[in-house]
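Trainee: got a sequence here, can you build the structure:
(4 chains)
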Amino acid sequence: MSPQATVPAAGSPEAPLLELRGVSVSFDGFWALNDLNLRLAPGELRAVIGPNGAGKTTFLDVITGKLRPTRGDVLFQGRSLVGTAEHRIVRLGIGRKFQTPRVYQNLTPRRNLELAVSRRSSPFDLLFGRLDSTARDRVQHLLGVVGLEPHANHRAGGLSHGQKQWLEIAMLVAQDPQLLLVDEPVAGLTDEETERTADLLKQLAGEHTVLVIEHDMEFIRDLQAPVTVLHEGHVLCEGSMDQVQVDPRVIEVYLGSEAEGEFR
Amino acid sequence: MADLFSSRTLRRALPWVVIVLLALLLPAVLPPFRLNLLGRFLSLGIVALGVDLIWGFTGMLSLGQGIFFSLGGYALGMYLSLNSLEPGQLPEFFSLYGVQSLPAFWRPFGSPLFTLFALWVIPALVAGVLGYLVFRNRIKGVYFSILTQAALLVFFNFFNGQQKLINGTNGLKTDTARIFGELVGSDGMQRNLFLLTVVLAVGAFLLCRWLTSGRFGDALIAIRDDEPRMRFTGYNPTAYKTLVFAVAGALAGVSGALYTVQSGIVSPQFMAVPFSIEMVIWVAVGGRGTLIGAVLGAVLINYAKSLVSEALPETWLFIQGGLFLLVVTALPDGLVGWWRSGGPGRIQAMVGWPPVAATYPELDLDPAVQAEKAELEGGAR
Amino acid sequence: MKPSFLRGALSQRSPLRLVAGTTVLTLSFSLVACGGGEKAAGDFDGEVKVGILHSRSGTMAISENTVAEAELMAIEEINNAGGVKIDGKKLKIVPIEEDGASDWPTFAEKAKKLIDQDQVAVVFGGWTSASRKAMLPVFEAKDHFLYYPIQYEGQECSRNIFYTGATPNQQAEPAVSWLLKNKGKDFFLVGSDYVYPRTANTIIKEQLKVEGGNLVGEDYLPLGNTEVAPIIAKIKQALPNGGVIVNTLNGDSNVAFFKQLKAAGITPANGYAIMSFSIAEEEVAAIGPEYLEGTYAAWNFFQSLDTPASKKFTEAFKAKYGDSRVTNDPAESAYNMVYLWAKGAEKANSVDDNKVRAALIGVTFDAPQGPIEVQPNHHTTELVMIGEVQKDGMFKIIENSGIVKPLAWNQFVPETKGYTCDWTQDRPDAGKFKL
Amino acid sequence: MTALLDTLFNGLAIGSVLMLAALGLAVVFGLMGVINMAHGELMMLGAYTTFVVQNLFKTGPLQGLFPAYILLAIPAAFLVSGLAGLLLEKTVIRRLYGRPLETLLATWGVSLILQQFVRSVSTAFALGLVAAVVLALLAPRFTPQAWWQQRWTPLLSFGRWLAAAAVGIALASGLGNVRALDQPWFSARNIDVTAPQWLRGSIDLAGVNMPTGRLFIIALTALALVAVNWFLQKSAWGIRIRAVTQNRPMSSCLGIPTETVDALTFLVGSGLAGVAGVAVTLLGSVGPNLGGNYIVDCFMVVVLGGVGKLLGTVVAALGIGILSYVIGSGSLLLVWPAMPVGLNELVTFFATTSMAKVLVFALIVVFLQFRPAGLFPQKGRMVEA
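Mentor: Coordinates of the predicted model:
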């Protein structure tokens, strides 16, 4: 199939920040992504949902360069990302938060953030350059925002699960990316923490473009963002939460095949 | 001025005072043979620092440090072989294999300045290139270890088989060469070399501490703990790993050169598989990720080896094998790690002595204070 | 000084060593090993320390143990006969043993230790050429004396080494001449990738040129390698209908080589004459006589040598170390050199290195192989024989070329042709000069 | 044509040894991710077992069956090495799952101990060892229960090993005074394993001379390969092993005894090393250093083949075998005598067995630059460690 044929009509007024064109990924004959098309406008907050195995994480892997698509193209600000190394993609302005919190356990939260906030990333910059005062202020500010100031100088490995989640989000923000890819940010968080996370993400949208993958439907509803439903590696439907919720195909996919009860 | 003598300053200065004193005192009190041994073990401490840098801090277990160690040794060995010749002469062994003219790659080693750089730049370059190729392909963990071991074997067999180029199995000898007109193997020169080793070991230690203490060190630890995450923070781990592997290579080169002049010979034996694995065990026993542990481990284990093999050569393999097992299963952070995490205190606690407490709790443990407390509590009740 | 219960522990296989090893490790981390010296025992007037430096662990331990044992036996014999007599005093020889651990730099380290720390009068040691080359600079720098017992590749003549093994003209060259005369002109050379084989083969190649032989191929195996299929294929290619194979493999590779040669039908029965320079009685036993039967070796001593001196030596060795043990050329050579040193010292009336060195030249000894004499080039004369391996693992002596004088510098190799070595001459280049 | 057949046969011959030696490693490394540096020493144990079995048949009532001793040696070696491996797994490797680098170091330590063990072991030594182990294990039974619940219990449990070791050493030295008990079983010397007559000859087939020992090894390798494949693919335990490999927690939840599976996998892998040990006695020397000669080669085979695929191991072993033979024997020159001078010199330079090894290893390292995961990589969304 020709990727061009399936691109949605160029209806949106602005050029998209991120565009996936007919992306397919095959693992030994199993198609984890199958002709996936998606556009994200600058400043947008978008939620992506889908049952297990729908290809959500693979989808992030393709954008961030961890996986190379078997077919199709990923464009960021009109530029193809296919074949670009992960760290370069990050430097172009795409940040990613992982499903399970991944912070550097043996460094303190402050040092975690200092690594993330650094504009320059070559070994020599780290050896000979010093962190400028704005960056240091930013680290301090972020520590305050996520409430880790008291723990700033202890090993991050000792933080609670929620604190690690927040630290990782803070690291993501410290990178100041144009596009934030957030994979299940509220897994394992308390209700209160979940609410605060939703607020934080909403704040970030506008200035940043945010794409959230989540299972927690309450959280998605809180976000009040357009929703894209993935199923078997391609987009099943898009729309607001209310629209998606009543879409018979979505109900079929969730209740018919998976029946996990998480779609409330 | 007053704080010049405060305990903090004193504590900081004390190790340096001890090092300087030892460096001056030991040559005077130790017999030449023991001094020479110590010098050699200390130079092995430098290669161990490199191993600690790449394994302890960056998580790459190289089983091929012998390559860089030997390259450094050979660079210096070649210079010394050429340096003690009359003009126009060839090192003796060439004539035995019918080689008429000096191979081209030997020529630059006639220059002392070139050699001085070559003995660490060449190992660093080789390490850098090898490392870059491997790291670029994201080969890591045990695959990296196995590949470095394979590379070691390649170098070993090559050096071993090339009689005509570098004298094969025999290697190059240095004891009968001369520097500044003095015999390298003479006691006086060996004493100077010992002092040089102390200076360079301290220098190497400081270099490693500088590398690991700042944000660069944070990046290394981050790579060790979660390399993919590091990429998604916008760093290219390949560059870091290559650089740090090259630094370890350079340290190995310096170490090999020092070891060579103090042993009197450099031979492919330095590239034997067990030797490179031993380097790792020095670091493991001393405590990886602690720097000082690497040096301590190298000196202690080699000293033990020397002692045991003087008395009972056959038990050494048992002891060494046992050390591997003990360290890996019971002391994962090595001696220094155990010490720092309060190991001695735990042992004390086990036998019922009060743990040493440096601050307020000590007050609480004071019997008089406790009695007073009990009295007060009793009174309140 | 080692604690007394450790002394001599090396010569007996005893688990005592285990005890002591653990003790040493746990107790002693002090820099200077301490302990008092012992009083001379019995009716000796004093003692003289000598170093014994062989690999007691690692790959070479297999071979070097025997050599060290022969040296210890000679020392014991000399002590039983009243020790070394200097100035009318009887000195007991006290051996101090060190382990070279099959690692060349370790040999250098231990040599330094013996000279500086233990202040031995002389060091007996080494097996591989690499270990000798590693020790050589130590002895030269400290102007001390090493006695080296193994046949080797020659091309060396140090003022500080005394060689009691054969030079190529006392082993390889007569053997090659004999092969050329009796077994054929087409030669295939196989060796370990290592100094002795490489140098010996260089010499043999030159000799073949001179004496009308024909080199059809050569190959080298990495030390310890046991995959010899490519070599066997090459031999078959080069010598399809039989010919001469000269084998200078070391250690482990020999076993693989002979097992697979036999399987491939490259046997004496099929017209292949196989001559080895590193296989003596002990190696035959380890490889298995059934694989070696009918192949040749050239040595200066065989256990089967039928003379009273030879029998006495073998009997003494068996009595001391067990009936199943065999003697061989390296052991005999090691045994000889201890006696030669003692005789040299008595002749010089001193155990001082330099005096013994001068006195040594011209000393004769009735060795198990027959009389030998120390030459001015620090080598000894040797009886040259060729033996054929029998079913029982012994050699049948099939050729006796008589006593041959040693040539340190090879006369077939163009680079050293015409050079000689004579330490009785007072000239700076006495070690290598043109006649 | 003969040259081609010759190359193929010899390549197969070299490759089959590598394959047999690497097979056990492929199982252990591929399925469990355990780097067993003592694999070579397990092979050595297999070879020593062959020696012992051979001696049983050399004299006495079994003498007539000497030609068949090797058939008994194979299961015996499998058992001895397998049990040694099992012991290793239960005591050391079990504590180190998920820490491959530590496993590598620990097993290297074990390999050193095993090497020295076969050198030093004598009846006195063995008795001392057994006494020490038994004493240490039984100590808790003969001491007051209360001792084992104190704060100094950790010291005690460490101390009992020390004490047991001291008793063992004392016993060994005491017994060592009796000469018969002090005699080392094998000593540091190489031991002589004589192949039965029928494995010492050769047969000519299509103009190629094929040593029967080599043919035997090829057949043994093929058999081992088929057996392992059947075991993993068809047998109940094999399916459990694969299940644990793919998803340990899930398998555990489904009631698969993962610990037993680990132990079994290790036993099979180690046992295969023992079988390989029997095979190499037909070719080369048997001594304490036997393992060291094979271990790196084995790892190269497994890494080149791609972890977790038996097919990869097979192809890699054969590839390395043929390549070593072609380069080492200089066959290229025979096939193409009119080679340009430069190339000619290059081929000759590497046409010794020693240099061929350098080149083959270098080529493998280069190859892994292009295919870091080996010839047959496993695909899929890998969880990065």
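Trainee: tell me which residues in whatever helix or strand residue B:116 lives in are buried?
Mentor: For residue B:116, the element it lies in under DSSP states H and E is helix B:112-136. For helix B:112-136, burial by neighbour count (16 or more other C-beta atoms under 10 Å in any protein chain shown) applies to B:115, B:118-128, B:130-136. The C-beta positions use only the backbone N, C-alpha and C, and glycine is treated the same way.
Trainee: does chain D sit close to stretch C:56-63?
Mentor: Yes: figure legend: stretch C:56-63 in contact with chain D (C-beta under 8 Å from any C-beta of the partner chain); contacting residues C:57, C:59, C:61, C:62.
Trainee: so of these, which ones are in strands?
Mentor: With strands defined by DSSP state E, no entry of the residues of stretch C:56-63 next to chain D lies inside them.
Trainee: for the residue nearest to the spatial centre of chain D, give me its contacts.
Mentor: Most central in chain D under C-alpha atoms, centre = their mean is residue D:273, positioned 3.3 Å from the mean C-alpha point. With contacts defined as C-beta atoms under 8 Å, 6 or more residues apart in numbering or on different chains, residue D:273 is in contact with D:21, D:24, D:25, D:39, D:40, D:42, D:43, D:45, D:46, D:81, D:85.
Trainee: which parts of the helix or strand containing the third one are buried?
Mentor: Going back to what we said before, that points to residue D:25. Using DSSP H and E, residue D:25 sits in helix D:2-32. Of the residues in helix D:2-32, those with enough neighbours to count as buried (16+ other C-beta under 10 Å) are D:6-7, D:9-32.
Trainee: could you give me the average pLDDT of it?
Mentor: Confidence over helix D:2-32, taken as the mean pLDDT, stands at 87.
Trainee: immediately after that helix, which helix or strand?
Mentor: Counting by DSSP H and E, the element after helix D:2-32 in chain order, helix or strand, is helix D:39-58.
Trainee: for the helix or strand following the helix holding residue B:116, packing partners?
Mentor: Toward the C-terminal end, the helix or strand that comes next after helix B:112-136 (DSSP H and E) is helix B:141-161. Packed against helix B:141-161 by the contact rule (3 or more C-beta pairs under 8 Å, 6 or more residues apart in numbering or on different chains; DSSP states H and E) you find helix B:65-83, helix B:112-136, helix B:273-286, helix D:100-120, helix D:290-305, helix D:353-370.
Trainee: identify the residue nearest residue D:252 in space, chain neighbours excluded?
Mentor: Once flanking residues are discounted, residue D:252 sits nearest to residue D:258: 5.0 Å by C-beta to C-beta, 6 or more residues apart in numbering or on different chains.
Trainee: my read is that that neighbour contacts residue D:244, right?
Mentor: Yes: taking contacts as C-beta atoms under 8 Å, residue D:258 lies within contact range of residue D:244: 5.3 Å.
Trainee: so what secondary structure elements neighbour the helix holding residue B:116?
Mentor: With contacts defined as 3+ C-beta pairs under 8 Å, 6+ apart, the packing partners of helix B:112-136 are helix B:65-83, helix B:141-161, helix B:237-263.
Trainee: got the angle for that helix vs helix B:237-263?
Mentor: With axes from the mean of the first three to the mean of the last three C-alpha atoms, to 10 degrees defining the directions, helix B:112-136 sits at 140 degrees from helix B:237-263.
Trainee: pLDDT of helix B:112-136, averaged?
Mentor: Within the predicted structure, the mean pLDDT of helix B:112-136 is 93.
Trainee: hmm, who's touching it?
Mentor: B:67-69, B:71-72, B:75-76, B:78-79, B:83, B:108-109, B:144, B:147-148, B:151, B:237-238, B:241-243, B:245-254, B:256-257, D:369.
Trainee: can you pull the contacts of the residue minimising distance to the centre of chain C?
Mentor: Here the mean C-alpha position of chain C is nearest to the C-alpha of residue C:150 (C-alpha atoms, centre = their mean), at a distance of 1.6 Å. Residues counted as contacts of residue C:150 (C-beta under 8 Å, 6+ apart) are C:67, C:126, C:127, C:128, C:165, C:330, C:333.
Trainee: so for the first one, what's the pLDDT?
Mentor: This points to residue C:67. At residue C:67, the predicted lDDT confidence score is 94.
Trainee: does it lie in a helix or a strand, and which?
Mentor: With the criterion set as DSSP H and E, the secondary-structure element containing residue C:67 is helix C:61-80.
Trainee: who does the following helix or strand past that helix pair up with?
Mentor: Reading on from helix C:61-80 to the C-terminus, the next helix or strand found by DSSP H and E is strand C:84-86. Within its sheet, and counting by DSSP bridges, strand C:84-86 is paired with strand C:89-99 (antiparallel).
Trainee: now do the strand it pairs with, average pLDDT.
Mentor: 91.
Trainee: next, the angle from it to helix C:61-80.
Mentor: Going by the same axes, to 10 degrees, strand C:89-99 is angled at 170 degrees with respect to helix C:61-80.
Trainee: show me what the very next helix or strand once past strand C:89-99 is in contact with.
Mentor: Reading on from strand C:89-99 to the C-terminus, the next helix or strand found by DSSP H and E is helix C:104-112. Contacting residues not belonging to helix C:104-112 are listed as B:33, B:36-37, B:40, B:169, B:171, B:175, B:263-265, B:267, B:269-270, B:306, B:309, C:51, C:53, C:98-100, C:123, C:125-126, C:128, C:130-131, C:133-135, C:137-139, C:142, C:146 [C-beta under 8 Å, 6+ apart].
Trainee: can you check the pLDDT for residue 132?
Mentor: No chain in the question, so chain A it is. Residue-level confidence at residue A:132 comes out at 84, pLDDT.
Trainee: you looked at the wrong chain, it should be chain D
Mentor: With respect to pLDDT, residue D:132 scores 84.
Trainee: any idea how far residue A:102 is from chain D?
Mentor: Look at residue A:102 and chain D: by C-beta to the nearest C-beta, to the nearest Å, they are 10 Å apart.
Trainee: assign the residue nearest to the centre of chain C to helix, strand or coil.
Mentor: coil (DSSP: H, G, I helix; E, B strand; the rest coil).
Trainee: thanks a lot, catch you later.
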